[in-house]
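Trainee: Give me a model of this one.
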Amino acid sequence: MQELDQAFAGLNDYPHLQTLIGLALLGLLAAIVNWLTQHVLLRIVRRALSLSLRDEAEIFFREVIARLANVAPAVVVYQAVLVVPHLPEAAQTVVRNVAAAFMILTVILAITGALNLVNALYSRRPEARQRPIKGYIQVGKIVLYAAAAILVVATLLDRSPLLLISGLGAMAAVLLLVFKDTILSLVASVQLTSNDMIRVGDWIEMPQLNANGDVIDLALHTVKIQNFDKTITTIPTWRLINESFVNWRGMQESGGRRIMRAILLDQTAIRFLTPEERANLKRFALLDVYLDQKDRELEAWNESLVKSGRDPVNTRRLTNVGTFRAYVLAYLKVHPGIAKEKTLLVRQRDPTPEGLPLEIYAFTNTVQWEAYEAIQSDIFDHVLSILPEFDLRLFQAPTGRDMRGLTETIRSDLAAAPPRG
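Mentor: Numbering: from 1, shown residues only. Predicted structure coming up:
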């Protein structure tokens, strides 16, 4: 102070010039401190971090240290403005308040950068896919930004932050209205995470929003889904709580994917098998056990009927559709793509005007989409091709070719008919 006063002693008659020179020196000092911080200190720190850390060092340096370095020139301005000669007290207060607000904002930004680093480090852990913390990090940022806004405004106005906080009570209703979506998303994010309802990488399906694909991002306000056509669907987080969606994670974790598909049989082709047809079907190795068991069972039943003197109409006989159902079940049991330890059924559903549905209910031993479709197609290729061996037909609505064939038949019959007298 004494040296500075001596330097300005010759300018006592020019107070405004002293003030301008003091402000210039203050700006120069702040610029020097900023240059030393940015080009000397930060380089030393960055070199030291790069020797001990990997990618985390770059994030920590960029998000935290580089931002905190901006505090140094602000501290110089905050302290040195008091020694600028003849600067009005009101101007000193304004400059100090602006510098203090800048320091508060810089520190808050550094803290949010540290939160980004925490999220980056946590996302590399195995449990991060099951319980992401990105939503909580965003909530923390919102709280920090709100606190920063209150502190900055209070500092610029040179008032206590408590006065501003007490005034927020009257704005509670407005804030709730403005941040309605944020509050809903926060509650939904907590419920989704705590109940383990959804994870990054899950295949979910939400038809009402045209979403059918893999979850690629879980944030506070939105969930991003990459559909199988490579489009992106963005869903508000709270809608996953308010509305239903299908999560296929259970299927993927089970290791098998369900096949539940039916073929429609022409019901007019269903009938009993003759003894010759039964003997002919023994050519199929898959039917050996079934036919032998049924032969013994039916023989015992029919013998009891004969002994009791009942009419032969009460005898039991094999049907072509029942034998075909047994064949398909045996075929599935030996198919290499079917999981034998899971539910395996071949069943008839209620008859319909379009035919008799014969449904296959089974699980593949893979969840890969391409392999699943290949296994399912291979099964039904065989099932459809083997139908004529059992004298069964698929139900199919008449086509234009059928109608043309019927028309030609009628014409031929009319042409061959003798003329009427």
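
Trainee: Okay, helices next: where are they in the stretch 1-150 of the chain?
Mentor: Along the stretch 1-150 of the chain, the segments classed as helices by DSSP state H, counting those that start in this stretch run 2-7, 15-36, 42-52, 55-60, 66-68, 71-80, 89-122, 134-157.

Trainee: Throw the ones you listed into a markdown table and include mean pLDDT and mean neighbour count, thanks.
Mentor: For every residue, glycine as well, the C-beta is placed using N, CA and C. A markdown table is the format used below for the helices of the stretch 1-150 of the chain (pLDDT from 0 to 100; neighbours: other C-beta atoms under 10 Å):
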| stretch | mean pLDDT | mean neighbour count |
| --- | --- | --- |
| helix 2-7 | 56 | 10 |
| helix 15-36 | 73 | 14 |
| helix 42-52 | 65 | 12 |
| helix 55-60 | 64 | 16 |
| helix 66-68 | 76 | 18 |
| helix 71-80 | 79 | 18 |
| helix 89-122 | 82 | 17 |
| helix 134-157 | 81 | 16 |
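
Trainee: Out of these, flag the one nearest Asn320.
Mentor: For Asn320, the closest of those is helix 134-157, at 60.2 Å, according to C-beta to C-beta.

Trainee: any residues touching that closest one, and which ones?
Mentor: Helix 134-157 is touched from outside by 97-98, 100-101, 104-105, 108, 111-112, 115-116, 118-119, 123, 160-161, 163-165, 182, 185-186, 189-190, 193, 218-221, 237, with contacts defined as C-beta atoms under 8 Å, 6 or more residues apart in numbering.

Trainee: could you give the angle of that helix to helix 89-122?
Mentor: Comparing the axes of helix 134-157 and helix 89-122 via axes from the mean of the first three to the mean of the last three C-alpha atoms, to 10 degrees yields an angle of 170 degrees.

Trainee: In CSV, please show the C-alpha coordinates belonging to stretch 80-91.
Mentor: C-alpha atoms of stretch 80-91 as CSV (Å, rounded to 0.1, in the frame of the first residue of the first chain):
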residue,chain,number,x,y,z
ALA,A,80,-7.2,-5.9,-5.4
VAL,A,81,-10.1,-3.6,-6.3
LEU,A,82,-10.0,-2.3,-2.7
VAL,A,83,-6.6,-0.7,-3.3
VAL,A,84,-7.7,1.2,-6.5
PRO,A,85,-7.3,4.8,-5.5
HIS,A,86,-10.3,7.1,-5.4
LEU,A,87,-12.7,4.4,-6.6
PRO,A,88,-16.1,5.0,-5.1
GLU,A,89,-17.3,2.5,-2.5
ALA,A,90,-20.4,1.7,-4.5
ALA,A,91,-18.2,0.8,-7.5
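
Trainee: Could you count how many residues lie near Val289?
Mentor: By other C-beta atoms under 10 Å, 11 other residues sit near Val289.

Trainee: Okay, and the closest residue to it other than its chain neighbours sits in which element?
Mentor: Residue nearest to Val289 in three dimensions, not counting chain neighbours: Ala330, with 7.6 Å by C-beta to C-beta, 6 or more residues apart in numbering. Element membership for Ala330 (DSSP states H and E) is helix 320-334.

Trainee: same question, Ile225
Mentor: Assigned by DSSP H and E, Ile225 belongs to strand 222-227.

Trainee: so what strands line up beside that strand?
Mentor: strand 211-218 (antiparallel), strand 232-236 (antiparallel) (DSSP bridges).

Trainee: how about that strand: buried residues?
Mentor: Residues of strand 222-227 classed as buried by neighbour count (16 or more other C-beta atoms under 10 Å): Val223, Lys224, Ile225.

Trainee: I'd say the last one and Asp214 touch.
Mentor: Yes: the criterion here is C-beta atoms under 8 Å, and Ile225 meets it with Asp214 at 6.8 Å.

Trainee: can I get the helices of the stretch 1-150 of the chain in a markdown table with distance to Ile232?
Mentor: Formatted as a markdown table, the entries for these read as follows, by distance: least, C-beta to C-beta, whole Å:
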| stretch | distance to Ile232 |
| --- | --- |
| helix 2-7 | 62 |
| helix 15-36 | 42 |
| helix 42-52 | 36 |
| helix 55-60 | 26 |
| helix 66-68 | 32 |
| helix 71-80 | 40 |
| helix 89-122 | 21 |
| helix 134-157 | 17 |
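
Trainee: quick one, which of those is nearest to Asp391?
Mentor: Nearest to Asp391 among these is helix 134-157 (62.4 Å), distances taken as C-beta to C-beta.

Trainee: what's the neighbour count on the residue nearest to Val289?
Mentor: Applying other C-beta under 10 Å, we find 18 other residues in the vicinity of Ala330.

Trainee: where along the stretch 151-300 of the chain do the strands fall?
Mentor: Counting by DSSP state E, counting those that start in this stretch, the stretch 151-300 of the chain has these strands, from start to end: 203-206, 211-218, 222-227, 232-236, 246-247, 258-265.

Trainee: Would you reformat the ones you listed as JSON lines and include mean pLDDT and distance to Arg317?
Mentor: What follows is the strands of the stretch 151-300 of the chain, written out as JSON lines (pLDDT from 0 to 100; distance: least, C-beta to C-beta, whole Å):
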{"stretch": "strand 203-206", "mean pLDDT": "91", "distance to Arg317": "46"}
{"stretch": "strand 211-218", "mean pLDDT": "90", "distance to Arg317": "48"}
{"stretch": "strand 222-227", "mean pLDDT": "92", "distance to Arg317": "53"}
{"stretch": "strand 232-236", "mean pLDDT": "91", "distance to Arg317": "56"}
{"stretch": "strand 246-247", "mean pLDDT": "91", "distance to Arg317": "45"}
{"stretch": "strand 258-265", "mean pLDDT": "94", "distance to Arg317": "19"}
